[in-house]
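A.B. asks: model the following, please.
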Amino acid sequence: GNPRLRSAVAAAKAANMPHDNIQKAIKKGTGELPGITYEEAGYEGYGPGGVAVLVETLSDNKNRTVSELRHILTKHGGNMGEAGCVGWMFEKKGLFLVDQSAAKEEELMELALEAGADDFSAEDKIYEIVTSVENFEKVKEVLKSKNIPCSLAEITMVPKSTVKLQGDQAHRMLQLMEALEDHDDVKKVYANFDISAEEMEKV
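C.D. replies: Next up, the predicted model:
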C-alpha cells in the first residue's frame, strides 16, 4: 500500500462531513444566515509526533476561530504554527474512491490511467484513484460515462511524505482529527499521519 495515499484517504474519509455540518456549510455559503459575513481562512500546525496539519475554515469571527483551534491543537498534543510552516508538505490532487463491488480492478485501472490518472491502488475493499488537478474532470467524466459510482470524488491535499504513528500518539492524533472536524467553523482537515489498520482497530 501507498502510505501517502492511505493518509489522504483516511483524512478524506474522516472529513466526510455529517449532514448537519453540510447543511450549515451550504447556508453559510449561500448567505442564508442573515447579517453575518463569513470568510475563508487556512491554518497550519502540528499534531502529536510532529504530524503536519492543515485546517480550512469558514468563519464569521477569525479571532475566535484561531483561539479555539489553538486550544484544540494544544489539548491534543499539537500546536499552532506559522502560515506556510507545513503547507509545502502537501500537494493538491484529485482523489476518487470507488467501492470494489462497483468495478473490476483491471478494467478500472486501465480506464483511470488512460484518462490521465497518476496513481491507482486497491486497498481495504476500495479502489483509490489519484489524479492531477488538471485531469480531475476528465477522469470524473470517464467514470461517469461508464456508470461507475464514486463514494468520493474531490480535490484534496495529498501529503508528500507521512509520519508513522503508533500507540498513544496514534490515539491522540485521531482524537485531534475528530475534535477539529467537529468544530463548527472547520470545513476540511488534512494531515500526514500514517496509522496502520491494526493500530486503527486498537483505537
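A.B. asks: please name the residues that touch residue 146.
C.D. replies: 103, 111 (C-beta atoms under 8 Å, 6 or more residues apart in numbering). (Glycine included, C-beta is placed from N, CA and C.)
A.B. asks: and what of residue 44?
C.D. replies: Residue 44 neighbours (C-beta under 8 Å, 6+ apart): 52, 53, 54, 55, 80, 81, 82, 83, 84, 85, 86, 87.
A.B. asks: what residue in the chain is the furthest from its centre?
C.D. replies: Of all residues in the chain, residue 35 has its C-alpha farthest from the mean position, at 30.6 Å, by C-alpha atoms, centre = their mean.
A.B. asks: what's the domain layout of the protein?
C.D. replies: Here the domain assignment for the chain is 3-88+160-202, 91-157, based on automatic domain parsing.
A.B. asks: mean pLDDT for the ones you listed: which is lowest?
C.D. replies: Among the domains of the chain, domain 3-88+160-202 carries the lowest mean pLDDT, at a mean of 84.
A.B. asks: residue 82 - how many residues pack around it?
C.D. replies: As a burial measure, residue 82 scores 8 neighbours (other C-beta atoms under 10 Å).
A.B. asks: list the residues that contact the nearest residue to residue 103 once chain neighbours are set aside.
C.D. replies: Leaving out its chain neighbours, the residue that sits closest to residue 103 by C-beta to C-beta, 6 or more residues apart in numbering is residue 148, at 5.2 Å. By C-beta under 8 Å, 6+ apart, the contact list for residue 148 reads 98, 102, 103, 108, 111.
A.B. asks: now, which of the residues you listed lie within helices?
C.D. replies: Within the contacts of residue 148, residues falling in helices by DSSP state H are 108, 111.
A.B. asks: as TSV, the contacts of residue 148 with distance to residue 168 and neighbour count would be great.
C.D. replies: Output for these, formatted as TSV (distance: C-beta to C-beta, whole Å; neighbours: other C-beta atoms under 10 Å):
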residue	distance to residue 168	neighbour count
98	34	21
102	38	16
103	39	19
108	38	22
111	42	19
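A.B. asks: any idea which of the contacts of residue 148 is closest to residue 188?
C.D. replies: Ranked by distance to residue 188 (C-beta to C-beta), the contacts of residue 148 are led by residue 98 at 21.1 Å.
A.B. asks: where does the closest residue to the closest one other than its chain neighbours sit, in terms of helix or strand?
C.D. replies: With sequence-adjacent residues excluded and distances taken as C-beta to C-beta, 6+ apart, residue 98 is closest to residue 127, at 4.4 Å. Element membership for residue 127, per DSSP states H and E: strand 126-131.
A.B. asks: all strands for the chain, in order.
C.D. replies: Under the criterion DSSP state E, the chain carries strands at the ranges 39-46, 52-59, 79-80, 90-99, 117-123, 126-131, 152-159, 163-164, 186-191, 193-194.
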